[in-house]
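Model the following, please.
(2 chains)
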Amino acid sequence: DGGITQSPKYLFRKEGQNVTLSCEQNLNHDAMYWYRQDPGQGLRLIYYSQIVNDFQKGDIAEGYSVSREKKESFPLTVTSAQKNPTAFYLCASGRLAGVGTDTQYFGPGTRLTVL
Amino acid sequence: EDQVTQSPEALRLQEGESSSLNCSYTVSGLRGLFWYRQDPGKGPEFLFTLYSAGEEKEKERLKATLTKKESFLHITAPKPEDSATYLCAVLSNQAGTALIFGKGTTLSVSS
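Model (predicted):
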């Protein structure tokens, strides 16, 4: 079954702690994305990667870091520098821009809460 | 600045009562417009991609249309299971691969 998995489903972070959210896809997509969703706001892009070992900042990258060591995996680390991390985090994947459809497909999400 | 506005914010319908959701956009060169459905606590589920004005796509009770300034998601004879938040997003030529999302329309269908 092809798809995108995110783990954990729920995550709790203490002040000053770094946490890492996992995202894995088996759709053979080159591009992967991290979005943040807050109540009453549209999804906002944190980081994206179009190829292994390369990634770009999105609109709200401050306080976050990513890595792309494998095509299938794009983990997101929420660092202690992110002052308001409580949100629903969504991972997405898609084909490279301009290669076939531009549709992005989303995982089930991780809800992060700061204690 | 690229922008997406969805209206209404919330819509309540009776089962069988058809209606439309609006997504208006301003982008510097539209590369694609996307509709997603999102249930509470879950990731968005892809519905449609539209690429050019005049294009229409259908899936069960849903039909998406596109003009040069807006898109409509028409819901015909909705059922309670159609209750969800519907998200619209655009991809512009200037924004690379970043989708720009509206805030969504929350649809409630009662029996």
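
residue boundaries of the strands in chain A?
For chain A, applying DSSP state E gives strands covering A:4-7, A:10-13, A:19-25, A:31-37, A:44-51, A:54-57, A:64-66, A:76-78, A:87-94, A:104-106, A:110-114.

Neighbours of the closest residue to A:Ser7 other than its chain neighbours, how many?
In space, and not counting its chain neighbours, A:Ser7 is closest to A:Ser22: 4.6 Å by C-beta to C-beta, 6 or more residues apart in numbering or on different chains. All C-beta atoms are positioned from the backbone trio N, CA, C, and that covers glycine. Close neighbours of A:Ser22, defined as other C-beta atoms under 10 Å in any protein chain shown, add up to 15.

Count the residues that sit near A:Arg13.
17.

er, A:Asn84 actually
8.

Let me know the distance separating it from A:Gly63.
9 Å (C-beta to C-beta, to the nearest Å).

just B:Thr76 next, same as before
44 Å.

now A:Ser22
18 Å.

what do you get for A:Tyr47?
From A:Tyr47 to A:Gly63 the distance is 11 Å (C-beta to C-beta).

Who has more neighbours out of the two?
For A:Tyr47 versus A:Gly63, neighbours defined as other C-beta under 10 Å are more numerous around A:Tyr47 (21 against 15).

Low-confidence regions, the chain specifically.
Picked chain A for this. A:1-2, A:97-101 (pLDDT under 70).

not quite, I wanted chain B
If you take pLDDT under 70 as the line, chain B has these spans: B:95-96.

residues in it within reach of chain A, list them.
Residues of chain B lying close to chain A by C-beta under 8 Å from any C-beta of the partner chain are B:4, B:31-32, B:34, B:36, B:41-46, B:49, B:87, B:89, B:91, B:96-104.

Just the buried ones from those residues?
Among those, those classed as buried by 16 or more other C-beta atoms under 10 Å in any protein chain shown are B:4, B:31-32, B:34, B:36, B:43-44, B:49, B:87, B:89, B:91, B:97-104.

Quick test: name the residue nearest the centre of chain A.
For chain A, the residue sitting closest to the mean C-alpha position, by C-alpha atoms, centre = their mean, is A:Trp34 at 2.7 Å.

now the closest residue to that one other than its chain neighbours: how far from chain B?
Of all residues not flanking A:Trp34 in the chain, A:Ile46 sits nearest, at 4.3 Å (C-beta to C-beta, 6+ apart). From A:Ile46 across to chain B, the span is 10 Å (C-beta to the nearest C-beta, to the nearest Å).

Quick check: A:Ile46 vs A:Phe74, distance?
Noted for A:Ile46: a distance of 11 Å to A:Phe74, by C-beta to C-beta.

shared neighbours of the two, anything?
A:Trp34, A:Val66 (C-beta atoms under 8 Å, 6 or more residues apart in numbering or on different chains).

wait, what's in contact with residue 59?
I went with chain A, as the question did not name one. A:Asp59 neighbours (C-beta under 8 Å, 6+ apart): A:Arg44, A:Leu45, A:Ile46, B:Ala98.

switch to chain B, that's the one I care about
B:Lys59 makes contact with B:Leu47, B:Phe48 under the criterion C-beta under 8 Å, 6+ apart.

Please compute how far the helix or strand where B:Thr49 lies lies from its chain's middle.
Assigned by DSSP states H and E, B:Thr49 falls within strand B:45-50. A distance of 8 Å separates the centroid of the chain from that of strand B:45-50, by C-alpha atoms, centre = their mean, to the nearest Å.

which residues are contacting that strand?
A:101-106, B:32-39, B:56-57, B:59, B:62, B:64-66, B:71, B:73, B:86.
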